[in-house]
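> I would like the atomic coordinates for the input below:
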Amino acid sequence: MRRSQSILSGNFKGRFRNKLSLSFVSILLFLSFSSSCSHKNSASAAAGTNGYLYQMFNSFDPRSILQNLGTNTIPPLFANLELSRAALVDATDDVCGGDSLSSAQAAWTNHMSDLKKVEPFRFGASLAHFSRMDPFLINYLVESPPNSDELDFLDSFGGVDVSDAQLYINQIKNKSKGISAIEYLLFSRPGVNRGTSPSCSDFPGSPNRAALVRALVLDYSGHAKSVTDLWDISGTNPYGAQLANAGSGNSAVFPSSGSALDAILSGTVQLLTTMKDGKLEMPGGFSGGGNGSSPKTYRAESRFSGNSFQNLIDNLSTFKAIYTGNGTGVGLSDYVKFYSPALDSEILMEIAELETHLAAIVPASAWGSPNTSAIKASISDLSALLTILNTELAALTGSGPVSGGPGGDGD
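Prediction:
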């Protein structure tokens, strides 16, 4: 009798396990279908449950992404930054003397493009240098430095040579220097004529505005060289190799492959946040509930050169390279696709739309009409990307949202 009960009990348990297995598979299929059919920018409860199940049964290995980024994608960007840094130093030795103003402006523009392409990679020891090279990135919530008082101070320089200028700029805050201060001197007339294009008549021998340019470039160049040295593939334990081999015990910057992937994700989210809040919403007049009818052009990133929209295009080119793998290997797309092919398709679609909308902006028209609709569409694209990466993907992977750093208050 006991044996018979045991046999019956065993048969019941077997049938129960089979039903449970079928039910579990059905739940998995239902959740997967629900996730793939979710509305755009919606982090559903199903996605959260699905993310929990993925955490239980799957673990993405980020090493292939890190190897591609650290070997093929990022080091060439810093190599380009170093080349254009040296070119900027060469082109500003004696502006309107031995060097033409136009060649100095071109060198600045080329270097700015390279600088915007490495913006997401402010890791380790490079972070302090970046804050001095490009103060906009940590000040855009409050202002686009240098502010008007700081520009007045630059205009008040009365020295005659580079030594005088170096002593003079030592008196000012770091946010008054950097790439934007150089931009101002090269692309704007001083004082009451501020905002209009300069000529060599604005670079007289005494006070020597060319000496001030030189001092600011040398100060900037020192920090930029320190950054490019960290990524120099011929250097000792360069950051690219540390990233590619994260977790091998040879890196204090990237102690594990997981922390390295987190750094990349954080860098991309911070980039997109700065693009949306600091580079579009605030100068475009969309922050704080604005509708774009009253642009704040003084908050633009590169307001004197007219380079602000090109900066965004350069930023996006790097985000796209990180995400797609840039044709050289695995990218963040593979990470997203591992958890949700549907989200990966959405991100690729948003990237393509953002490219189209940024390209539709006419730089000569700058802020306001007729660029308002394209600027607003670009903000919407960036908002969608941030929601996918910071909310929906986080729900799927079971991780928390990534901080975007300083951000605007408008969506």
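> report pLDDT for residue 188.
Predicted confidence (pLDDT) for residue 188: 97.
> then residue 395?
Among the per-residue scores, residue 395 shows a pLDDT of 81.
> and the helix or strand hosting it, what does it pack onto?
Per DSSP states H and E, residue 395 falls inside helix 393-397. Using 3 or more Cβ pairs under 8 Å, 6 or more residues apart in numbering; DSSP states H and E as the contact criterion, the elements in contact with helix 393-397 are helix 45-57, helix 332-339. Glycine gets a C-beta too; all of them are placed from N, C-alpha and C.
> those: lowest mean pLDDT?
Comparing mean pLDDT across the helices and strands packed on helix 393-397, the lowest value falls on helix 45-57: a mean of 39.
> C-terminal to that one, what's the next element?
Taking DSSP H and E as the definition, the helix or strand right after helix 45-57 is helix 63-68.
> gap between that next one and the chain center?
Distance of helix 63-68 from its chain centroid, counting by Cα atoms, centre = their mean, to the nearest Å, is 19 Å.
> list the buried residues of the next helix or strand after that helix.
Downstream of helix 63-68, the first helix or strand assigned by DSSP H and E is helix 74-91. Neighbour-count burial for helix 74-91, with 16 or more other Cβ atoms under 10 Å as criterion, is recorded at 74-78, 80-82, 84-89, 91.
> I'd like the next helix or strand past helix 74-91.
Beyond helix 74-91 on the C-terminal side, the first helix or strand identified by DSSP H and E is helix 101-117.
> what angle sits between that next one and helix 74-91?
160 degrees (axes from the mean of the first three to the mean of the last three Cα atoms, to 10 degrees).
> which strands or helices does helix 101-117 pack on?
helix 74-91, helix 178-187, helix 308-324.
> buried stuff in that helix?
The neighbour-count check on helix 101-117 (16+ other Cβ under 10 Å) flags 101, 104-105, 107-117 as buried.
> how about CSV for the residues you listed, with distance to residue 333 added?
Listed next are those as CSV, based on distance: Cβ to Cβ, whole Å:
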residue, distance to residue 333
101, 43
104, 40
105, 37
107, 35
108, 34
109, 31
110, 29
111, 30
112, 28
113, 24
114, 24
115, 25
116, 22
117, 19
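> for those residues, which one is nearest residue 319?
Nearest to residue 319 out of the buried residues of helix 101-117 is residue 117 (Cβ to Cβ; 9.9 Å).
> what sits against the residue nearest to residue 198 when sequence neighbours are not counted?
Sequence neighbours aside, residue 189 is the residue nearest to residue 198 in space, at 4.7 Å (criterion: Cβ to Cβ, 6 or more residues apart in numbering). Residues in contact with residue 189, defined by Cβ atoms under 8 Å, 6 or more residues apart in numbering, are 195-198, 202.
> residue 271 now?
Residue 271 makes contact with 119-120, 315, 318-319, according to Cβ under 8 Å, 6+ apart.
> surely residue 109 is in contact with residue 311?
No - Residue 109 sits out of contact with residue 311 when judged by Cβ atoms under 8 Å, with a separation of 10.5 Å.
> mind putting the contacts of residue 189 into a markdown table with distance to residue 280 and neighbour count?
Shown next, in a markdown table, are the contacts of residue 189 (distance: Cβ to Cβ, whole Å; neighbours: other Cβ atoms under 10 Å):
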| residue | distance to residue 280 | neighbour count |
| --- | --- | --- |
| 195 | 21 | 13 |
| 196 | 25 | 12 |
| 197 | 25 | 14 |
| 198 | 27 | 21 |
| 202 | 31 | 18 |
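> what residue ranges in this protein score low on pLDDT?
Filtered on pLDDT under 70, the chain yields the residue ranges 1-58, 398-411.
> and stretch 330-347, how far apart are its ends?
Taking Cα to Cα, to the nearest Å as the measure, stretch 330-347 stretches 16 Å from start to finish.
> any buried residues in it, and which?
330-340, 342-344, 346-347.
> and which of those is nearest to residue 282?
Ranking these by separation from residue 282, with Cβ to Cβ as the measure, puts residue 347 on top at 24.7 Å.
> tell me how far the strand or helix carrying the closest one lies from the chain's centre.
Counting by DSSP H and E, the secondary-structure element that holds residue 347 is helix 341-360. Using Cα atoms, centre = their mean, we find the averaged C-alpha position of helix 341-360 to lie 16 Å away from the chain's own average C-alpha position.
> that older thread, among the buried residues of helix 101-117, give me the pair with the biggest separation.
101 and 117 (25.3 Å).
> quick one on the thing from earlier: just the closest of the contacts of residue 271 to residue 68, please.
Of all the contacts of residue 271, the one sitting nearest residue 68 is residue 318; the distance, using Cβ to Cβ, is 13.9 Å.
> what's the neighbour count on the closest one?
Residues contacting residue 318 under the criterion other Cβ atoms under 10 Å number 22.
> in this structure it contacts residue 117, no?
Yes - with contact defined as Cβ under 8 Å, residue 318 reaches residue 117; the gap is 4.7 Å.
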